[in-house]
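J.: dropping a prediction and its sequence here:
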Amino acid sequence: MTGDAIRETADGVLMEVRVKPNSRRFALSRKDGQLVLEVTSPPQEGKANMEIVKSLRKLLGKDVAIVRGLKGREKTILLRGAKLKEIISLF
């Protein structure tokens, strides 16, 4: 079910997502086997990245870090201390 888009590591859960900036709302979904993260902020001056970190931290109650893709739409996000089961339950 998860494929390679979500995997558990010793540090937590890594999610590989495609970001869609300037969306109407913040949303995390799965489309065609890929995780899609819609954010309302524009992709300028790190605004979309800040929204990703703040919103996921609030939603999940976990420490969030973007570990790859700070300047692109394809990102790898680390949810520190998270378990795979709890993240999969969001979908």
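T.: That came in fine, so what should we check first? Numbering: from 1, shown residues only.

J.: which parts of the longest strand anywhere in the chain are buried?
T.: Longest strand of the chain, by residue count under DSSP state E: strand 12-20. For strand 12-20, the neighbour count (16 or more other Cβ atoms under 10 Å) marks 12-19 as buried. Glycine gets a C-beta too; all of them are placed from N, C-alpha and C.

J.: cool, and stretch 50-64?
T.: 51-52, 55-56, 60, 62, 64.

J.: quick one: contacts of that stretch?
T.: Applying Cβ atoms under 8 Å, 6 or more residues apart in numbering, the external contacts of stretch 50-64 come out as 12, 19, 26, 28, 37, 39-41, 65-66, 75, 77-82, 86-87.

J.: can you tell me how far E74 is from G81?
T.: Distance, E74 to G81, by Cβ to Cβ, to the nearest Å: 24 Å.

J.: so L90, which of the three states?
T.: coil (DSSP: H, G, I helix; E, B strand; the rest coil).

J.: just grab the bridge partners of the residue lying closest to it once chain neighbours are set aside for me.
T.: Nearest residue to L90, sequence neighbours excluded (Cβ to Cβ, 6 or more residues apart in numbering): L28, at 6.6 Å. L28 forms beta bridges with L37, as assigned by DSSP bridges.
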